[in-house]
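>>> structure, please.
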Amino acid sequence: MPQAQSPTSRQSINLAQKASLIDQRWSPRVVAEMNEYQFKVVRIEGEFIWHSHLETDEAFLVIEGNLRIDFRHGSLYVGPGELYVVPRGVEHRTAAEGEAKLLLIEPRGVLNTGHEGGERTAKNDVWI
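Model (predicted):
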């Protein structure tokens, strides 16, 4: 498994370019790792499933497009260059009316569907 960049590495990671390499929506791919946290890019469109992460918060940074995060009592909109952290245990559903590219920040091993499982569960620890 690739590791975090070494201190002597002088190559930055272009998040939009990495996201453009992903051929399937809702399939996060790891681009970097730091202190047991993974930075994952993902392309989304449409609505995801309702889920929560009981053991961790989940951060969403919008690279391109617009993200809607639904909660049981309302929605939040996150635009390009904006960040939102969903607190651990809070049920949510992500959505985008057009395609959106996101950076997810979460501990290694977190499944995209939380404990819900199902056909939308992406393979974990896949690097791009």
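
>>> can we go C-alpha only for contacts and neighbour counts from here?
Fine.

>>> pLDDT score for residue 41?
Predicted confidence (pLDDT) for residue 41: 98.

>>> which residues touch it?
Residues in contact with residue 41 (C-alpha atoms under 8 Å, 6 or more residues apart in numbering) are 15, 18-19, 28-31, 101-104.

>>> bridging across strands, which residues link to it?
residue 29, residue 103 (DSSP bridges).

>>> among the contacts of residue 41, which one lies nearest to residue 111?
Distance to residue 111 across the contacts of residue 41 (C-alpha to C-alpha) is lowest for residue 28, with 9.8 Å.

>>> quick one: the closest one and residue 122 touch, right?
Yes - if you go by C-alpha atoms under 8 Å, residue 28 and residue 122 touch, sitting 7.1 Å apart.

>>> returning to what we had before: separate out the buried members of the contacts of residue 41.
15, 18-19, 28-31, 101-104 (16 or more other C-alpha atoms under 10 Å).

>>> export those to CSV and tack on pLDDT and distance to residue 77?
What follows is these, written out as CSV (pLDDT from 0 to 100; distance: C-alpha to C-alpha, whole Å):
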residue, pLDDT, distance to residue 77
15, 97, 21
18, 97, 23
19, 96, 20
28, 97, 20
29, 97, 23
30, 97, 24
31, 97, 25
101, 98, 14
102, 98, 13
103, 98, 15
104, 98, 16
